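# Take a look and give me a structure for this.
(2 chains, ligands or ions: 4)
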Amino acid sequence: MAKVTIDGIEVEVPDGTTILNAARKIGGELVPPAMCYYTSLKDSGGKCRVCLVKVAQGSTKDPRPMPKLVASCRTPVMDGMVVQSKSSAEVLEARKAVVEFLLINHPLDCPICDQAGECDLQNLAYEHGAAATRYEEDRRTFEKIDIGDKIKLHMTRCILCYRCTFVADQLTNDRVHGVLSRGDKSEISTYIHKAVDNDFSGNMIDVCPVGALTDKTFRFKSRVWFTNPVDAHRNCTKCSGKVILWKKGDDILRVSARKDKYGEVTEYICNECRFEHKTVSDWTTEGPRHVEHNSVISQNHYERTDLLKLKKEIERQIEFEKGAHLPPEPSPKLHE
Amino acid sequence: MGKKFLLEHVNVPGIETLPVYQSKGGYASVEKAIKTMTPEQLIEEVKFSDLRGRGGAGFPTGLKWSFMDKKSEKPRYLVVNADESEPGTFKDRYLMEKLPHILIEGMIVSCFALGSKTGYIYIRGEYMYIVRILEKAIDEAYKAGFLGKNILGTDFSCDIYVHPGAGAYICGEETALLESLEGKRGNPRLKPPFPAIAGLYACPTVVNNVESIAAIPTIVNITADKYNDVGIGKSAGTKLISASGHINKPGIYEIELGLPVEEFIYSDEYCGGIWKGRKLKAVVAGGSSVPILPANLILKTAKGESRLMTYESLADGGFVSGTMLGSGGFIVMDETACIVRNLWTFARFYHHESCGQCSPCREGTGWMEKVLHRIEHGHGHMEDIDLLVSVAKKIEGNTICPLGDAAAWPVASAIRHFREEFEYHVKYPEKVKDPKHFEKEPFVSESLLMNA
Ligand SMILES: Cc1cc2nc3c(=O)[nH]c(=O)nc-3n(C[C@H](O)[C@H](O)[C@H](O)COP(=O)(O)O)c2cc1C
Ligand code: SF4
Ligand code: SF4
Ligand code: FES
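Ligands and ions are numbered 1, 2, ... in the order given. Just a heads-up that it's a prediction; the model follows:
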């Protein structure tokens, strides 16, 4: 076990845990954002550089600080390590820089993008970005392509996190897509259109942090925040069959895997569950989905967050009435 | 005349063949090392020689060797980095073309020291003709019993393979090189683990530059003590410098470390002075990745001391008024050179060569190139200059591999030392539209004009 201090809060984690996961164990605002790392995908991370943190003390044995900011998603903790995340101006500056870099070539077509409302890049830009751009050059563009009969690739939106290639490598038998070319000309692609065809390829859509890979059965049907997510399951021979149904009235507009509060899929699902079962009678409904992932959809219409906030405030006042001192204000982000 | 450890016999006819090379003392170090020394002694000797990596970073070679995982049961590898793609650097090409056996000799001794049975030469694809030269030399070495099983009757066996790359600068970065050698896309790996622990096929590996390995036979032959008599302090031995640009005698020179920069530029033994009787304007001393310095700062440090061709002296003043020896690509610019145009050329290179794995480098290199293109072609704004500084700062230190830094440093230093020239480009867009603008009318800074 190793003891680490992140932004002044101490936590004990097993040896080999990354700084990012140690921070997630503490939770709250100090957790670095992550755009490329994905816990269940081996070798992911280290690329986007948005999770940078400062290591002010390497370990008890070797207290020297690390010379550069490090990618928290790939740096293991050491006993006695002291890390600065949100408390370091240098770190915030670097994250802001990464957001700016990720956005200069991004098309910013959120108004017509299916990912809007549940997009990691939107959230990141909202929290760490600047309102205006300093980039006046042409943005790079690519043609949209069909990489499978159910998946559309908008390469212009891709941030090259490589997650989808890891999914193809680790979840399916055959990876038929990958990264072609280099530098800012790199693109995710298949040599042959519609080549991606296997039972688990749909998970690429779920791991994609942006709207680069979208579900063709859902494209342009609805903004996600107008849909009603419910947990449901069915008996499936290929996967756990545990999914989220994104409904409008009795119509199932989309089926996706379930995600944790960091936006990571908890159980991957098969393409049959995802694409072939769009009638309510196919599923056993479990109840409304509480979307913890910090995003526009967590503000959706069926869960009245303003009422929840009011309820918390009333509870707080009651505590005060009981004679105790005033408890701290609830965090503005209710779901953290 | 300075001492020549590498190029002493370079002009001997037939030196690329084994018999002639041997007649000049070639392969003596193999005999000496594997028959009279232990691997540990060899590593100590290399440490003691103060040899530093000649590929750019200048990391002490003996120390790197001592990091090799000794507990591992896995095979160990020596990989020679012959990817040489840094603009301004062309010394490894010359060395391998003229003296292929010195590299092979160095590799055999190094493999013995490292406990490795296999050595690879990863060579840039554009050097295809050198692949043939090397393979011919390797053949000769096998036939003469210097390679293969039971070398010189001992129980040491060693094989060497040549592997051409496919034309990416990034494959010169040691971990990208290893990926490429394994047959994968040449993306740099995240470090740690370092190659000495998990390198080629996840086995302990040492990656060294061609010139570093070629220095090993001399160290073994004349002893480390004599080797580090040449040079100053922690800059020991000789170094190949690729001299190019506006000089009378461009070419490859072997210098003793410690040679004054002024002597290197102006003496007839080396560059022979600036061509066409012009004045020196600036020098990029160690390949395109290192900070550019104006004439006054390359000849003398900020403290007024004469600047020497050593790792320490060139770095004197840090990034404010110093630079780096790097890989020894010495690019000289006379008064007609346009710093903005030169920088744009470098920026274009880094934009083209970024592997695209991490966002600051992938996006930032392209951004800098586009802004520089605008300024150079008379479409810049004053704010662009600070924008460039800011973008460079945001790349630096935040990337997976040093290519990001290599792209950022030239930008930061050119603006630091030649800001007025950037401003001139913005102020006089009509004048700079002609690509040869400063050839017609050399740039003179306004502050100098006012003083005159
Ligand atoms: C982008 C990049 C390109 C590089 N290219 C080369 C190269 O072409 N040749 C080389 O020897 N080292 C190159 N290096 C340095 C290598 O990573 C490594 O440090 C070197 O091969 C180690 O050898 P040395 O210790 O003998 O210098 C490059 C580094 C970077 C970051
Ligand atoms: S398509 Fe999506 S998942 Fe794949 S690399 Fe691009 S952003 Fe990542
Ligand atoms: S710094 Fe550039 S070249 Fe190096 S890993 Fe990142 S994108 Fe690739
Ligand atoms: S999440 Fe760590 S670098 Fe992308």
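# what about the residue nearest to B:Thr223 when sequence neighbours are not counted, helix or strand, and which?
Closest residue to B:Thr223 apart from its sequence neighbours, by CB to CB, 6 or more residues apart in numbering or on different chains: B:Glu45 at 7.3 Å. In this view, the C-beta of every residue, glycine as well, is placed from N, C-alpha and C. Taking DSSP states H and E as the definition, B:Glu45 sits inside helix B:39-49.
# which residues sit in contact with the residue nearest to B:Thr223?
B:37, B:62, B:219-220, B:223-224 (CB atoms under 8 Å, 6 or more residues apart in numbering or on different chains).
# Can you tell me how far it is from ligand 3?
For B:Glu45, the distance to ligand 3 equals 34 Å [CB to the nearest ligand atom, to the nearest Å].
# Then A:Pro209?
18 Å.
# Same question for B:Phe346.
15 Å.
# So which residues of chain A form helices?
A:19-26, A:89-104, A:120-128, A:163-171, A:203-207, A:271, A:305-321 (DSSP state H).
# Return the most buried member of those.
Sort the helices of chain A by mean neighbour count, taking mean count of other CB atoms under 10 Å in any protein chain shown, and helix A:203-207 sits at the top with a mean of 25.
# Switch the helices of chain A over to a markdown table; also include distance to B:Lys71.
Output for those, formatted as a markdown table (distance: least, CB to CB, whole Å):
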| stretch | distance to B:Lys71 |
| --- | --- |
| helix A:19-26 | 27 |
| helix A:89-104 | 36 |
| helix A:120-128 | 42 |
| helix A:163-171 | 30 |
| helix A:203-207 | 38 |
| helix A:271 | 46 |
| helix A:305-321 | 56 |
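# out of those helices, nearest to B:Leu297?
helix A:89-104 (28.9 Å; CB to CB).
# Send me that closest one as PDB with only the CA atoms.
Provided in PDB are the C-alpha atoms of helix A:89-104 (Å, rounded to 0.1, in the frame of the first residue of the first chain):
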ATOM      1  CA  ALA A  89      -1.700  27.200 -11.200                       C
ATOM      2  CA  GLU A  90       0.900  25.600 -13.400                       C
ATOM      3  CA  VAL A  91      -1.300  22.500 -13.800                       C
ATOM      4  CA  LEU A  92      -4.500  24.500 -14.500                       C
ATOM      5  CA  GLU A  93      -2.500  26.500 -17.100                       C
ATOM      6  CA  ALA A  94      -1.300  23.300 -18.800                       C
ATOM      7  CA  ARG A  95      -4.700  21.800 -18.900                       C
ATOM      8  CA  LYS A  96      -6.100  25.000 -20.400                       C
ATOM      9  CA  ALA A  97      -3.400  24.800 -23.000                       C
ATOM     10  CA  VAL A  98      -4.300  21.200 -23.900                       C
ATOM     11  CA  VAL A  99      -8.000  22.200 -24.200                       C
ATOM     12  CA  GLU A 100      -7.000  25.000 -26.600                       C
ATOM     13  CA  PHE A 101      -4.900  22.500 -28.600                       C
ATOM     14  CA  LEU A 102      -7.800  20.000 -28.800                       C
ATOM     15  CA  LEU A 103     -10.100  22.700 -30.000                       C
ATOM     16  CA  ILE A 104      -8.100  24.500 -32.700                       C
END
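# if I pick the residue in chain A that ligand 3 sits nearest to, what's in contact with it?
Residue of chain A nearest ligand 3, by CB to the nearest ligand atom: A:Gly183 (7.4 Å). Applying CB under 8 Å, 6+ apart, we find A:Gly183 in contact with B:351-356, B:362, B:365-366.
# For those, pick the one with the most neighbours.
With neighbours taken as other CB atoms under 10 Å in any protein chain shown, the top of the contacts of A:Gly183 is B:Thr365, carrying 31 neighbours.
# and the helix or strand containing it, average pLDDT?
Assessed by DSSP H and E, B:Thr365 sits inside helix B:359-376. Per-residue pLDDT over helix B:359-376 has a mean of 97.
# Check which helices and strands that helix is in contact with.
The helices and strands touching helix B:359-376, judged by 3 or more CB pairs under 8 Å, 6 or more residues apart in numbering or on different chains; DSSP states H and E, are helix A:89-104, helix B:339-353, helix B:382-395, helix B:403-427.
# Count the residues that sit near A:His290.
11.
# Tally up the residues packed near the closest residue to A:Glu137 other than its chain neighbours, please.
Using CB to CB, 6+ apart and skipping residues adjacent in sequence, the residue nearest A:Glu137 is B:Lys370, 4.2 Å away. Applying other CB under 10 Å, we find 18 residues neighbouring B:Lys370.
# ok, now how distant is B:Lys370 from B:Asp405?
From B:Lys370 across to B:Asp405, the span is 20 Å (CB to CB, to the nearest Å).
# Which residues of chain A lie near ligand 2?
Counting by CB under 6 Å from any ligand atom, the positions of chain A adjacent to ligand 2 are A:158-164, A:188, A:207-210, A:212-213.
# hang on, the earlier thing: top of the contacts of B:Glu45 by neighbour count?
Going by other CB under 10 Å, B:Ile219 tops these with 29 neighbours.
# Quick one: residues contacting A:Val187.
In this structure residue A:187 is Glu, not Val. By CB under 8 Å, 6+ apart, the contact set of A:Glu187 is A:142, A:155, A:158, A:179-181.
# Could you pick out the buried ones from the residues you listed?
The neighbour-count criterion (16 or more other CB atoms under 10 Å in any protein chain shown) marks A:142, A:155, A:158, A:179 among these as buried.
# Please convert those residues to CSV, extending it with pLDDT and distance to B:Ala137.
Listed next are the buried ones among the contacts of A:Glu187 as CSV, based on pLDDT from 0 to 100; distance: CB to CB, whole Å:
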residue, pLDDT, distance to B:Ala137
A:Phe142, 93, 46
A:Met155, 96, 46
A:Cys158, 97, 46
A:Val179, 94, 37
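# So which of those reach chain B?
Subset of the buried ones among the contacts of A:Glu187 in contact with chain B: A:Val179, counting by CB under 8 Å from any CB of the partner chain.
# Check whether the closest residue to chain A within the stretch 101-250 of chain B sits in a helix, strand or coil.
The nearest approach of the stretch 101-250 of chain B to chain A comes at B:Leu190, 4.4 Å away (CB to the nearest CB). Under DSSP: H, G, I helix; E, B strand; the rest coil, the three-state class of B:Leu190 is coil.
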